[in-house]
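Student: Sequence below, structure please.
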Amino acid sequence: MEQRIGSSSQPLEGAGFDPAFIPGLTSPVSGEAEEARAEEAGDADADEPTAAAAESEEAVEEEAPDGPVFEAFDRRAKFIADHQGIRLSLDDQACEFRWDEIGAIETETPRFGKRFTITVHTPDRRWYPIEIEAESRARFAEWDEQLDAVMDKYFEDETPETKEEEPEESD
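Tutor: A predicted model of the protein is given here:
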């Protein structure tokens, strides 16, 4: 009896393993074209990055009003609320919400432990919770006050308060 050394299976072919398997799905790429584009982009942008960076920093400084900012973070998670909206990040994932995209903000402090939970609710019934570990439980009250200040300044509830009109009395 003869035995073969190594695998007897053949490599798989198809679009699941090679997108170029389907004609027209990917465009043909030549190595020379990529190198030429990279050189052109490198030459054109060599002098501009410093000027562009300076302009963008000035624009950010001009856009930033002197309103309250709330920022809480730990080794993994980060929550920022300012005039632009709310930004959440956890490890390498991030999301950003403008104030008009937010339906509600919910905070939760645990009975035990040091994880402060902030949940962003959107009008389309989705929610995005993030937990931030505090150094001590005393930070919870401080964070609540700072977040309330930002919410009072920038968050506007879309539902207007309806005032009941009193009928006028005729004499």
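Student: where do the helices sit along this protein?
Tutor: Counting by DSSP state H, the chain has these helices, from start to end: 31-44, 48-63, 138-154.
Student: weakest of those helices in terms of mean pLDDT?
Tutor: Note on the helices of the chain: lowest mean pLDDT is at helix 48-63, with a mean of 50.
Student: Tell me where the protein has strands.
Tutor: In the chain, the strands defined using DSSP state E lie at 70-73, 77-81, 85-90, 93-98, 104-108, 115-121, 127-133.
Student: Of those strands, which stretch is the most buried?
Tutor: Sort the strands of the chain by mean neighbour count, taking mean count of other CB atoms under 10 Å, and strand 77-81 sits at the top with a mean of 20. In short, each C-beta sits where N, CA and C put it, glycine included.
Student: Using CSV, write out the CA atom coordinates for it.
Tutor: Output of strand 77-81 as CSV, limited to C-alpha atoms (Å, rounded to 0.1, in the frame of the first residue of the first chain):
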residue,chain,number,x,y,z
ALA,A,77,-13.6,53.2,26.0
LYS,A,78,-14.0,56.9,25.4
PHE,A,79,-17.1,59.2,25.4
ILE,A,80,-16.9,62.8,24.3
ALA,A,81,-19.9,65.2,24.2
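Student: Run through who's touching that strand.
Tutor: 69-73, 86-90, 118, 130-133, 147, 150-151, 154 (CB atoms under 8 Å, 6 or more residues apart in numbering).
Student: how about low-confidence regions in this protein?
Tutor: Counting by pLDDT under 70, the ranges of the chain that qualify are 1-65, 157-171.
Student: if you set the cut-off to 80 instead, what comes out?
Tutor: 1-66, 156-171 (pLDDT under 80).
Student: Reformat the strands of the chain into a markdown table and put distance to residue 139 next to each item.
Tutor: Converted to a markdown table, the strands of the chain look like this (distance: least, CB to CB, whole Å):
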| stretch | distance to residue 139 |
| --- | --- |
| strand 70-73 | 8 |
| strand 77-81 | 13 |
| strand 85-90 | 18 |
| strand 93-98 | 23 |
| strand 104-108 | 12 |
| strand 115-121 | 7 |
| strand 127-133 | 9 |
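Student: Tell me which of the ones you listed sits nearest to residue 140.
Tutor: strand 115-121 (5.6 Å; CB to CB).
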